[in-house]
Each structure stands twice: as structure tokens, then as C-alpha cells.
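Peer 1: Need a 3D model of the following:
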Amino acid sequence: MRFTVVTIFPEAFDSFLRASLLGKAVAQGLVQVDFVDPRAFAADKHHTVDDTPYGGGDGMVIKVDPLVAALESVGHDPDLSPHRVLLTPQGEPLAQRHLVELLDRRHVVLVCGRYEGFDERIRTFVHQELSLGDFVLNGGEVAAMAIIDGVSRLVPGVIGKASSLTTESHGEGLLEYPQYTRPREFRGLAVPEVLVEGNHARIDRWRRLQMLVRTRQRRPDLWERYQPSGEDRTILAEVDGREDRAELAGRAYVALLHYPVYDKGKRIVTTAITNLDLHDIARSSRTFGLGGYFVVTPVASQQELARRILAHWKEGHGASYNEDRAEALALLEVVESLEQVLTEVEAREGKRPLTVATSAAARPGQVTGAEVRRWLGSGQPVVIMMGTGWGLATEVLERADLALRPVHGGAAYNHLSVRSAAAILLDRLFGLREET
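Peer 2: Have a look, this model is predicted:
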């Protein structure tokens, strides 16, 4: 496989081409990389390759004449007609299928831009335009490295086990299954039992399920394009067919966090416990059949206050005065940290729970209730984290395994109480109603 990189900074590739598997591939002649510097084709004595844009504007533009001369200096071998690729943010987003297609080209010329971009006329002299994504880099060299690395690992002989290329992420349009290595348990995080049982048929089936479920949950854009086989559908049915909402809810827990949460000024604070939150979220949790409800506060006096309220309803006059309320509040426990919640749920369920963040704000990657239920259907317990005050702190949101789409009524006003939001979200997750 041959690459020719058209760049004014060929030295940027020095260490890249000497390291790891790519370095070995280059040393063995499996991959060849050479460079053409457009400065060598500039007409003036200063080897100028850029100029100011016609019509004015910021920055400099790569000139078309030295760049085309550089391109035309490449590829006089009739057996290796070069395929010219312009690397530009305006190109088609790079995907695994592009790497596979480029492998078949045998000789790829990668054109790296700099400054404010290229003279538009350069597009007439290339076959394809590719982009690393919806962002801008200082130049095309990093994109060229990504393509060289991605294509080279497909060259026979570069990767030790060719079969690994089909199971890794994007190999067949799916994300790869989760991987584990020693130790078997780390800080309470255990390797799934199926991977240590030695039953390779079960391992293969588990891994396939993980690829399907993970892609469906994390990359709906990939999942929309993927065509599941009959066997894939059978495997997924084992998960989806167990979607008895009452059964699923029994593995779900609510954690109402009073810390760390934001106040109105976006400062991290500890909020005060309210009697309404204790009662109403407990009642919602009992209504939808949840496994438990935790109120989290590190403040000892707040813990004591909540426990006094609970004692009234569990053991005092309230227990006989309103047995239904006592039944709901029996689900409630007061703890000092989220970690204590996770430890308690793991002790009950025999498995570390997934954490599901909630927020009033829409963010990329938020999932539907159906996707949370799919995890529950696989036997995975979850803890749904609700924030008091002005919502969960960023550190909690970023560490969550999943994030639910927010409740939104369509109006500009969006300030539900946490107990109202909890009831709506639990209804979406476990209520006998149409999916929203």
C-alpha cells in the first residue's frame, strides 16, 4: 500500500511513521509513505504557496498552481494510478467504509491544507474529499495520519490476527463488545461471569448481544443503517422479550441527591431535605414497583431529620394512621453518598448498577426510556439519579453510564419540581402507556 502526502510539513510525520505496528509495516515494506512539498513547485524565489483571498477577508489561501503541480508530479506508474483525496472540513465524514475503499486503491495521495483553506479550483483536480469530523484543525496532516493508520491496519500482514478486524468497532457496522482483563475484580467492578465460565459458545453469544445492544444504545445513527441478521434478531429478542415493566422496575432504584448539586448561581452546594420530596418520590417509587429509593445527603443533621420522619411513618403513629404511606416510605433509605447507594444496590442485586443521570437540559447522547429498559431486561440493575436545587453537578452527569432525555412540555417555561420530574420519568420508564 502506498501513500503520498502532499504537505508543507512532512517532518510532522517523522515519529508517527516509526512507532508501533505502523512503524513495523513501513520497515517491512507493507506500507510505503512518501511526501511531496508544494513549495518545491512555487514559482517565486521565496517558494510561496499561499496568498491573500480575492474579495478580502482574514488569513491566507493555499494557491492552486503549486498544489496542482505537486499533484501532477505524483503517479507516473501506470500500474498505480493514484487516487487523490483532499482533506478538508467540508469533505464527507470519514468512516470505516472509506478506509476499506481506499485500501483497494493501492496508491492514495492525501492533500493536506493549511491556513484558511485551498483555492476552490483545487477541487477540480482531486477524486474525493474527506473530513475527520465537524471541527477544524490547523492543517490536514492529522487527518492524513488517521487515514494512513486506519488503512494500513487493513493491509494483510500488518495486524497479527486478521479475524480481530471483523469484530472490532465498525468492522461490520457495529460497536465492539466490552473487553476485560485481569484483575477479575477491581474496586467492586467485577468481570461478567459469562467470560470466566469457559463456555465459548455462551461467550460468543454474549459478545454478539453486547455488540448489538451497545450499538443500538450508543450509536442510533449506526444502528439505523445496520441490517440485523436472523440470528441477531433472535439474540435481541431474548432481551427485548423480557420487557415486563413490573419486573424491570424491581431492578431500578431512585437516588435523590442533595449533594453535589448546583444552586442558582451555578455553585456546588448541599441542599436541604424536604418532607414533600421524601413522601412523594417514595409514593411514586412504590406505585411503579421500584426496588428502592435513596435520599443522599452528607449532612448528619439532615440525615437525622429524615430518619425521624421515617421513624414516625414506619414505627410511630403514622404507621397505623396511614398504612399505604408507610408502605411507600418503607422503600426509603437515607445515606451519605452516591457510592453508598451503589454499594447497597450491588449487595441486593449481586451486580454493580448502571447509573442513569437526569437533567432538565437536553444534551448530546441522552437516551430514551426504552433504552434504559433494555439494560434492565438484560438483568442489569440501574440507579436513576435525580438532582435537587438547580440540578446534578457536572461531575455526576459526566460519570453517569447513561443520561435520560429530559421532560419537556413544549413551552419555554421548564422548572418542574424534582418530585414532579421523578413521577413523569418513572411513568415513561415503567408506566403502562405509549412510549414518548
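Peer 1: now the nearest residue to residue 94 once chain neighbours are set aside, which residues is it bridged with?
Peer 2: The shortest distance from residue 94 to any non-neighbouring residue, by CB to CB, 6 or more residues apart in numbering, is to residue 130 (5.1 Å). Bear in mind the C-beta positions are built from the backbone N, C-alpha and C, glycine included. For residue 130, the beta-bridge partners are residue 92 (DSSP bridges).
Peer 1: Pretty sure residue 130 sits against residue 92.
Peer 2: Yes. Between residue 130 and residue 92 there is a contact at 5.9 Å, judged by CB atoms under 8 Å.
Peer 1: which residues are common contacts for these two?
Peer 2: residue 98 (CB atoms under 8 Å, 6 or more residues apart in numbering).
Peer 1: Between these two, which has more neighbouring residues?
Peer 2: More crowded of residue 130 and residue 92, by other CB atoms under 10 Å: residue 130, with 22 against 11.
Peer 1: Distance check, the more buried one against residue 41.
Peer 2: 23 Å (CB to CB, to the nearest Å).
Peer 1: now residue 234
Peer 2: Distance from residue 234 to residue 41, by CB to CB: 60 Å.
Peer 1: More neighbours: which of those two?
Peer 2: residue 41 (19 against 11).
Peer 1: Let me see the confidence value for the more buried one.
Peer 2: You'll see residue 41 listed with a pLDDT of 95.
Peer 1: Residue 240 too?
Peer 2: 64.
Peer 1: for the stretch 201-350 of the chain, what spans make up the helices?
Peer 2: 220-225, 230-240, 245-249, 275-287, 300-314, 317-321, 323-329, 338-349 (DSSP state H, counting those that start in this stretch).
Peer 1: Flag the shaky bits of this structure, pLDDT-wise.
Peer 2: Residues of the chain that meet the criterion pLDDT under 70 lie in 76-79, 162-167, 169, 239-244, 432-436.
Peer 1: so what's the residue nearest in space to the middle of it closest to, chain neighbours aside?
Peer 2: In the chain, the C-alpha nearest the mean C-alpha coordinate belongs to residue 218, at 5.8 Å (CA atoms, centre = their mean). Distance criterion CB to CB, 6+ apart; nearest residue to residue 218, sequence neighbours excluded, is residue 175 at 6.3 Å.
Peer 1: In three-state terms, label the one you found for me.
Peer 2: coil (DSSP: H, G, I helix; E, B strand; the rest coil).
Peer 1: Residue 214 is in contact with that one, correct?
Peer 2: Yes. At 4.9 Å, residue 175 and residue 214 qualify as touching, with contact defined as CB under 8 Å.
Peer 1: Neighbour count for the two, which is higher?
Peer 2: Between residue 175 and residue 214, counted using other CB under 10 Å, the more crowded position is residue 175 (21 against 17).
Peer 1: Let me see the contact set for the more buried one.
Peer 2: Neighbours of residue 175 in contact, by CB under 8 Å, 6+ apart: 169, 211, 214, 215, 218, 219, 222.
Peer 1: Any of those residues buried? List them.
Peer 2: Using 16 or more other CB atoms under 10 Å as the burial test, those include 169, 211, 214, 215, 219, 222 as buried.
Peer 1: and the closest residue to the fifth one other than its chain neighbours, how far is that from residue 151?
Peer 2: Read that as residue 219. What sits nearest to residue 219 in space, not counting adjacent residues and going by CB to CB, 6+ apart, is residue 175, at 6.2 Å. Per CB to CB, residue 175 is found 20 Å from residue 151.
Peer 1: How about residue 126?
Peer 2: 17 Å.
Peer 1: ok, now residue 168?
Peer 2: For residue 168, the distance to residue 151 - CB to CB - is 15 Å.
Peer 1: more crowded one of these two?
Peer 2: Neighbour count, other CB under 10 Å: between residue 168 and residue 151, residue 151 has more, with 22 against 16.
Peer 1: Now the more buried one: which helix or strand?
Peer 2: Assigned by DSSP states H and E, residue 151 belongs to helix 141-152.
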